[in-house]
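Enquirer: just a sequence and a predicted model for now, questions to come.
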Amino acid sequence: MKKNVLLTLTAIILISMLISPIIAYAGEAQGQALTITISEAYPADLDGDGVEDDVPVTGIISVEPNSEVDVYFVLTLPDGSKITTETFGVYVQGARSKYEIELKDVLSLPGWYVIQGYAQYMGEYAISNPYPFDPEGGTPGPL
């Protein structure tokens, strides 16, 4: 009887030792959390009209490899009004992917602007930190 109990206990321990690494590996393979960052946003003349009223925006999206992430941006103007881009897809080939967008004819007021990125992938949402910038001739800074 003691021999059967000892064999059963040994079998349970061996099986649990074999299953534990498999469970841990499966948990690690589920991918990383979705993130979006803004690296740079500044006034420029992207449309060649001679006025620096456009904004190129670059940054990084991180998510599990080979994913398409839905992204949009909100630009807050100095008067508090907001411009929201249309949602578009960004294909992330590796775990991190650089994006570049162009906002044209959006800088019409002096003062500080703030841009923020929003991303969504399979029910997971991410928001970038606010990225403030001040076009030439603007104000001393945000209050």
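Expert: Looks like it arrived, so ask away. Numbers count the residues shown, from 1 in each chain.
Enquirer: CA atoms for contacts and neighbours, from now on please.
Expert: Noted.
Enquirer: centre-most residue in the protein?
Expert: residue 36 (1.5 Å; Cα atoms, centre = their mean).
Enquirer: assumed that residue was part of a strand.
Expert: Yes. Assessed with DSSP: H, G, I helix; E, B strand; the rest coil, residue 36 lies in a strand.
Enquirer: who are the contact partners of it?
Expert: 59-62, 117-119, 126-128 (Cα atoms under 8 Å, 6 or more residues apart in numbering).
Enquirer: okay if I get those as TSV plus distance to residue 94 and secondary structure?
Expert: TSV is the format used below for these (distance: Cα to Cα, whole Å; DSSP: H, G, I helix; E, B strand; the rest coil):
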residue	distance to residue 94	secondary structure
59	15	strand
60	11	strand
61	10	strand
62	8	strand
117	20	strand
118	19	strand
119	17	strand
126	18	strand
127	20	strand
128	20	coil
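Enquirer: drop anything exposed from the residues you listed.
Expert: 59-62, 117-119, 126-128 (16 or more other Cα atoms under 10 Å).
Enquirer: now the residue nearest to the centre of the chain. Nearest residue, chain neighbours left out?
Expert: Closest residue to residue 36 apart from its sequence neighbours, by Cα to Cα, 6 or more residues apart in numbering: residue 61 at 4.5 Å.
Enquirer: the helices in the chain, which residues?
Expert: Applying DSSP state H to the chain gives helices spanning 2-28.
Enquirer: strands of that one, residue ranges please.
Expert: 35-41, 55-62, 67-76, 82-84, 88-92, 96-103, 113-121, 124-127, 131-133 (DSSP state E).
Enquirer: could those strands go into JSON lines alongside distance to residue 48 and mean pLDDT?
Expert: Output for the strands of the chain, formatted as JSON lines (distance: least, Cα to Cα, whole Å; pLDDT from 0 to 100):
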{"stretch": "strand 35-41", "distance to residue 48": "18", "mean pLDDT": "96"}
{"stretch": "strand 55-62", "distance to residue 48": "13", "mean pLDDT": "96"}
{"stretch": "strand 67-76", "distance to residue 48": "21", "mean pLDDT": "96"}
{"stretch": "strand 82-84", "distance to residue 48": "21", "mean pLDDT": "96"}
{"stretch": "strand 88-92", "distance to residue 48": "24", "mean pLDDT": "92"}
{"stretch": "strand 96-103", "distance to residue 48": "13", "mean pLDDT": "94"}
{"stretch": "strand 113-121", "distance to residue 48": "22", "mean pLDDT": "97"}
{"stretch": "strand 124-127", "distance to residue 48": "31", "mean pLDDT": "96"}
{"stretch": "strand 131-133", "distance to residue 48": "21", "mean pLDDT": "96"}
